[in-house]
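Colleague: my questions concern the predicted model and sequence given below.
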Amino acid sequence: MNHARADAQAVTRRMVLTGTALSLGAALAGAPVSGASAQTQKLSQADASYQATPKGSQRCGVCFNFQQPNSCKFVQGPVSPNGWCQLFGPKS
């Protein structure tokens, strides 16, 4: 596993655990958990080290986190299919 891939998995795992803990806390407190509040909060583009240009052959359009036409499962705001961030993970 390369270093960039390990960093991406660590951030993703942290985000999932945080979202799960928040949802569980709300459920235990008796608050209704809507689909929106159960979702993980997205990182800012700066925190994800997003750039509008690819990094070699790595680009958002071939990442498993990319959602057509211009969004990401984990990064806020519009992202370019030709962009890149540290959460990059190639589609299988």
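Modeller: Sure thing, it's come through. Fair warning: this is a prediction, and the values are worked out from it, not measured in the lab. Numbering: from 1, shown residues only.

Colleague: okay, helices next: where are they in this structure?
Modeller: Residue ranges of the helices in the chain, as given by DSSP state H, are 3-28, 35-38.

Colleague: mind listing what's buried in stretch 40-52?
Modeller: Of the residues in stretch 40-52, those buried under the neighbour-count criterion (16 or more other Cβ atoms under 10 Å) are 40, 42-43, 45, 48, 50-51. Placement of C-beta: from N, CA and C, glycine included.

Colleague: dump the residues you listed to JSON lines, plus distance to residue 74.
Modeller: Shown next, in JSON lines, are those (distance: Cβ to Cβ, whole Å):
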{"residue": "40", "distance to residue 74": "7"}
{"residue": "42", "distance to residue 74": "6"}
{"residue": "43", "distance to residue 74": "6"}
{"residue": "45", "distance to residue 74": "11"}
{"residue": "48", "distance to residue 74": "7"}
{"residue": "50", "distance to residue 74": "10"}
{"residue": "51", "distance to residue 74": "15"}
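
Colleague: tell me the two of those that are most distant?
Modeller: 40 and 51 (22.2 Å; Cβ to Cβ).

Colleague: residue 85 versus residue 48, what's the distance?
Modeller: Between residue 48 and residue 85 the distance, using Cβ to Cβ, to the nearest Å, works out to 4 Å.

Colleague: okay, and the common contacts of these two?
Modeller: 72, 75 (Cβ atoms under 8 Å, 6 or more residues apart in numbering).

Colleague: among the helices of the chain, which gets the worst mean confidence?
Modeller: Mean pLDDT values for the helices of the chain show the minimum at helix 35-38, a mean of 48.

Colleague: hmm, residue 63 and residue 81 touching each other?
Modeller: No - Residue 81 lies out of contact with residue 63 (Cβ atoms under 8 Å); the separation is 9.2 Å.

Colleague: these two: who's more crowded?
Modeller: When neighbours are counted by other Cβ atoms under 10 Å, residue 81 and residue 63 differ, and residue 63 comes out ahead with 23 against 14.
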